[in-house]
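K.L.:
Turn this into a model:
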Amino acid sequence: MSGEDAIAKQKQMTIIVTKGALDLAYPPFILATTAAAMNVNVSMFFTFYGLQLLKKDLGHLRVSPLGNPAMEMPLAGLHLTVPNAAAALPGMEALSTTLMRNLIKRKGVASIEELREAAIDSEVEMIACQMTMDLFEWTAADMVEGIVIGGAATYMEKALKSDINLFI
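P.N.:
I've put the predicted structure just below:
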């Protein structure tokens, strides 16, 4: 089988990434890097708030307990949930973010920066939505190197050929 035939037979996956919160950044990167490790050709399309995940600095990523009733944090042997009324209090987002970052570190889970680097190393194609960049007045200089800047048509070209299409 020629190299071109092997590429043509390779499974294809696309992921639309629309969320830029710390906890919501994990699923697309984990699925993308896992698929790439399984020899799947992966394209990720980052649009609206998902585009935050391509910015050079990810220190701004937060976790919001507001409107997230499934969120439980293990703390002192308990699994604590934050009622929506308490989630709206000042400082709860910062507290939730700190607790999540500490939990990630304590459990040895890769950071989003590490997962993004693993995706780059695995040759996952990352497409930044041009319209969203224009809307939020971001430039290529705001983003990590090695990404593609394109629009919905760029994504659709990939999606129409893909075996798996995910919206996260």
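K.L.:
residue contacts, the one residue sitting closest to the centre of the chain?
P.N.:
Most central in the chain under Cα atoms, centre = their mean is residue 25, positioned 3.6 Å from the mean C-alpha point. By Cβ atoms under 8 Å, 6 or more residues apart in numbering, the contact set of residue 25 is 19, 53, 61, 112, 115. Heads up, the C-betas are built off the backbone N, CA and C, glycines and all.
K.L.:
and which of these is nearest to residue 106?
P.N.:
Nearest to residue 106 among the contacts of residue 25 is residue 112, at 16.3 Å by Cβ to Cβ.
K.L.:
isn't the closest one right up against residue 53?
P.N.:
Yes. Between residue 112 and residue 53 there is a contact at 6.8 Å, judged by Cβ atoms under 8 Å.
K.L.:
joint contacts of those two?
P.N.:
Common contacts of residue 112 and residue 53 (Cβ under 8 Å, 6+ apart): 25, 29, 61.
K.L.:
Doesn't the second one belong to a helix?
P.N.:
To tie it back to what came earlier, the one meant is residue 29. Yes. Counting by DSSP: H, G, I helix; E, B strand; the rest coil, residue 29 is part of a helix.
K.L.:
Pull the residues that contact stretch 140-153.
P.N.:
54-56, 116, 120, 125-131, 133, 154.
K.L.:
now swap in stretch 44-54 and tell me
P.N.:
Counting by Cβ under 8 Å, 6+ apart, 14-21, 25, 28-29, 32, 58, 60-61, 112, 116, 119, 124-129, 131-133, 136, 138, 143-144, 147, 154-155, 158, 168 sit against stretch 44-54.
K.L.:
Go through these and flag which are in helices.
P.N.:
25, 28-29, 32, 112, 116, 119, 131-133, 154-155, 158 (DSSP state H).
K.L.:
any idea which of the residues you listed is closest to residue 96?
P.N.:
residue 25 (14.6 Å).
K.L.:
most neighbours, which of the contacts of residue 25?
P.N.:
Greatest neighbour count in the contacts of residue 25, by other Cβ atoms under 10 Å, goes to residue 53: 27 neighbours.
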